[in-house]
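K.L.:
please work out how this folds:
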Amino acid sequence: MHKGVYFGKNFAEQKKKILILGESHHGKEEDKGNSAKYNTCDVVEEYLQAKRGEIKMIRSLYFFTKITHAFDSSLNCQDTINFWNNVAFGNYIDVICGIKDNYAKSYIYENNNRDRLNKDLFEFVNKNRIIALFALASLFLMHCRNRQYTAIALECQHLSFYRQKLTRIT
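P.N.:
Numbering: from 1, shown residues only. From the prediction side, this is the model:
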């Protein structure tokens, strides 16, 4: 998982802990494969500042609006902020990927990254007692083969978004 996972301020008190999983941070061609100089938490906080009207909403932050709308497209601004206060958000891939290219997929397959990324994800899920995992893209799930970790089952609830439920298989 990419450094600096975002935890909403009420996340720890939630009975049912939800992790929303993004693929990666995206950047310029010359940044691909490098660690970001920022962390995921800061990006989500920037989105929340924009929702509160403290800063201007930039295009890349609309991704978080898409996530919110995948759960409920009728949420107003305050409800959106409340939503993010109750969940965690992290990125599966720990380096910067390109925009609309195949870098993420190739990175997963390189040098056993798939196994390392899955191990990191499942350790995070188990450590934080996550009971549900939602993601807009399911690229990482196509590569989960290691049975020693918690298994993930998919439920496609939406044409353009995936709601992915984490289920423990024993």
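K.L.:
just grab the bridge partners of the residue nearest the centre of the chain for me.
P.N.:
Nearest to the mean C-alpha position of the chain, counting by CA atoms, centre = their mean, stands residue 21 at 2.0 Å. As for beta bridges, residue 21 partners with residue 90, residue 135 under DSSP bridges.
K.L.:
correct me, but it touches residue 88?
P.N.:
No: contact between residue 21 and residue 88 fails when scored by CB atoms under 8 Å: they sit 9.2 Å apart. Where C-beta positions appear, they are placed from N, C-alpha and C, glycine not excepted.
K.L.:
which positions in stretch 52-61 come out as buried?
P.N.:
Neighbour-count burial for stretch 52-61 flags residue 61 (criterion: 16 or more other CB atoms under 10 Å).
K.L.:
give me the contacts around that stretch.
P.N.:
Stretch 52-61 is contacted from outside by 26, 43, 46-47, 49-51, 77, 81, using CB atoms under 8 Å, 6 or more residues apart in numbering.
K.L.:
now the strands for this structure?
P.N.:
6-7, 17-22, 88-91, 130-135, 152-155, 163-166 (DSSP state E).
K.L.:
for the fourth one, packing partners?
P.N.:
The one in question is strand 130-135. Counting contacts by 3 or more CB pairs under 8 Å, 6 or more residues apart in numbering; DSSP states H and E, strand 130-135 is packed against strand 17-22, helix 62-71, strand 163-166.
K.L.:
average pLDDT across the longest one?
P.N.:
For helix 62-71, the mean per-residue pLDDT is 85.
K.L.:
shaky segments in this structure?
P.N.:
Where the chain drops to pLDDT under 70, the residues are 135-170.
K.L.:
mind listing the helices for it?
P.N.:
Here the chain has its helices, by DSSP state H, at 40-51, 62-71, 77-85, 103-109, 113-127.
K.L.:
residue 17: which of the ones you listed is closest?
P.N.:
Of all the helices of the chain, it is helix 113-127 that lies closest to residue 17, at 9.2 Å by CB to CB.
K.L.:
could the contacts of stretch 52-61 go into JSON lines alongside distance to residue 11 and neighbour count?
P.N.:
Shown next, in JSON lines, are these (distance: CB to CB, whole Å; neighbours: other CB atoms under 10 Å):
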{"residue": "26", "distance to residue 11": "25", "neighbour count": "20"}
{"residue": "43", "distance to residue 11": "16", "neighbour count": "21"}
{"residue": "46", "distance to residue 11": "18", "neighbour count": "18"}
{"residue": "47", "distance to residue 11": "16", "neighbour count": "26"}
{"residue": "49", "distance to residue 11": "18", "neighbour count": "14"}
{"residue": "50", "distance to residue 11": "20", "neighbour count": "17"}
{"residue": "51", "distance to residue 11": "18", "neighbour count": "19"}
{"residue": "77", "distance to residue 11": "20", "neighbour count": "10"}
{"residue": "81", "distance to residue 11": "14", "neighbour count": "16"}
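K.L.:
many thanks, I have nothing further to ask.
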